[in-house]
Each structure stands twice: as C-alpha cells, then as structure tokens.
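Student: my questions are about this predicted structure, shown below with the sequence.
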Amino acid sequence: MVNRNFDEEKVKDALLKRATGYDYEEKEMVADKNGVSGKVKIIKKHVPPDLDAIRAILSKIENKKW
C-alpha cells in the first residue's frame, strides 16, 4: 500500500521546486580525436520558474487547501 502522506509531501516539494526554479548539473563524456573518452565535462543548467506551477500553488493558497 502506498503511504499517501509521503507521496503528497513529495509532490508538494516537486511543485515548489518547479515553481521557484532550480539548478542542476549534467555530465558529458568528452572524447579525443581517436574516439577515446577522456574527460567528463560538467555542464551547469538552470530551469526557470514555471508559470503553471506558480498558478497551481497560488490557487491552493487562495482556497486555503495548501
């Protein structure tokens, strides 16, 4: 059986993260001319705040269900 409270908290946290934006890193293998992989390149990326997530949170706050 699924723990509903735990799942709700995970969803709330994910929605808040999406609404506020977040940074993350991607790793990319870099090969030399011979095709031999050598270095791992770390690329930092940013996900901007999502307007739909903001709307969802604000609608819950207004309805006092958040």
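Tutor: Structure received.
Student: hey, let's count contacts and neighbours off CA atoms from now on
Tutor: Will do.
Student: any idea how far residue 10 is from residue 16?
Tutor: 10 Å (Cα to Cα, to the nearest Å).
Student: more neighbours: the two, which one.
Tutor: Neighbour tally, residue 16 and residue 10, criterion other Cα atoms under 10 Å: the higher count belongs to residue 16, 17 against 12.
Student: which ones are touching the more buried one?
Tutor: Residues near residue 16 by Cα atoms under 8 Å, 6 or more residues apart in numbering: 53, 57.
Student: dump the helix or strand where it lies to CSV, restricted to CA.
Tutor: Using DSSP states H and E, residue 16 maps to helix 4-20. C-alpha atoms of helix 4-20 as CSV (Å, rounded to 0.1, in the frame of the first residue of the first chain):
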residue,chain,number,x,y,z
ARG,A,4,-0.4,8.8,0.9
ASN,A,5,1.2,11.4,3.2
PHE,A,6,4.7,10.7,2.0
ASP,A,7,3.6,10.9,-1.7
GLU,A,8,1.7,14.2,-1.1
GLU,A,9,4.9,15.7,0.5
LYS,A,10,7.0,14.6,-2.5
VAL,A,11,4.5,16.1,-4.9
LYS,A,12,4.4,19.4,-2.9
ASP,A,13,8.2,19.6,-2.8
ALA,A,14,8.4,18.9,-6.5
LEU,A,15,5.8,21.5,-7.3
LEU,A,16,7.5,24.1,-5.2
LYS,A,17,10.8,23.3,-6.8
ARG,A,18,9.3,23.7,-10.2
ALA,A,19,7.6,27.0,-9.2
THR,A,20,10.7,28.6,-7.9
